[in-house]
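J.: Dropping a prediction and its sequence here:
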Amino acid sequence: PMARYNLGCVEEENGRFERAVKHWIIAANLGDDKSLNALKKGYAVGRIQKEDFAAALRAHQAALDAAKSPQREAAEAARLNNH
């Protein structure tokens, strides 16, 4: 997802915002927070349609939910308790 986010940033810098959005949507669908934030900013200024942003938001949440497991949550809790 990070590579897609970076590609989106390069496309945006080169003036190809629509291509940037496509990269960010792909990365957000894989759970990338930076890409979701980039999409959120684009939506806030009216450069991304509501339906596209809503679909990316749902897919992002689904990716995060799919990555959750009791083992991961226990490992994260243990990591936080050790610091």
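T.: Received the coordinates, thanks.

J.: Report the central residue of the chain.
T.: Geometric centre of the chain, nearest residue: residue 28, 2.7 Å, by Cα atoms, centre = their mean.

J.: Output whichever strand or helix holds that one as PDB, nothing but the C-alphas.
T.: Per DSSP states H and E, residue 28 falls inside helix 17-29. Taking Å, rounded to 0.1, in the frame of the first residue of the first chain, the C-alpha atoms of helix 17-29 are listed here in PDB:
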ATOM      1  CA  PHE A  17      -5.000  14.200  -9.800                       C
ATOM      2  CA  GLU A  18      -7.400  11.600 -11.300                       C
ATOM      3  CA  ARG A  19      -4.500   9.000 -11.600                       C
ATOM      4  CA  ALA A  20      -3.400   9.900  -8.000                       C
ATOM      5  CA  VAL A  21      -6.900   9.200  -6.700                       C
ATOM      6  CA  LYS A  22      -6.900   5.700  -8.400                       C
ATOM      7  CA  HIS A  23      -3.600   4.900  -6.600                       C
ATOM      8  CA  TRP A  24      -4.900   6.200  -3.300                       C
ATOM      9  CA  ILE A  25      -8.100   4.200  -3.600                       C
ATOM     10  CA  ILE A  26      -6.200   1.000  -4.200                       C
ATOM     11  CA  ALA A  27      -4.000   1.600  -1.200                       C
ATOM     12  CA  ALA A  28      -6.900   2.700   1.000                       C
ATOM     13  CA  ASN A  29      -8.700  -0.500   0.000                       C
END
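
J.: which residues are contacting it?
T.: For helix 17-29, contacts defined as Cβ atoms under 8 Å, 6 or more residues apart in numbering pick out 1-2, 4-5, 7-12, 34-36, 38-39, 42, 47-48, 52, 55-57, 59-60, 63. The way it works is simple: take the backbone N, C-alpha and C, and place the C-beta from them, glycine included.

J.: In ChimeraX, how would I select the buried members of those residues?
T.: In ChimeraX, a selection of the buried entries from these looks like this (16 or more other Cβ atoms under 10 Å):
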select :1,4,5,7,8,9,11,12,34,35,36,38,39,42,48,56,59,60,63
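
J.: from the contacts of helix 17-29, which ones fall inside helices?
T.: 2, 4-5, 7-12, 34-36, 38-39, 42, 52, 55-57, 59-60, 63 (DSSP state H).
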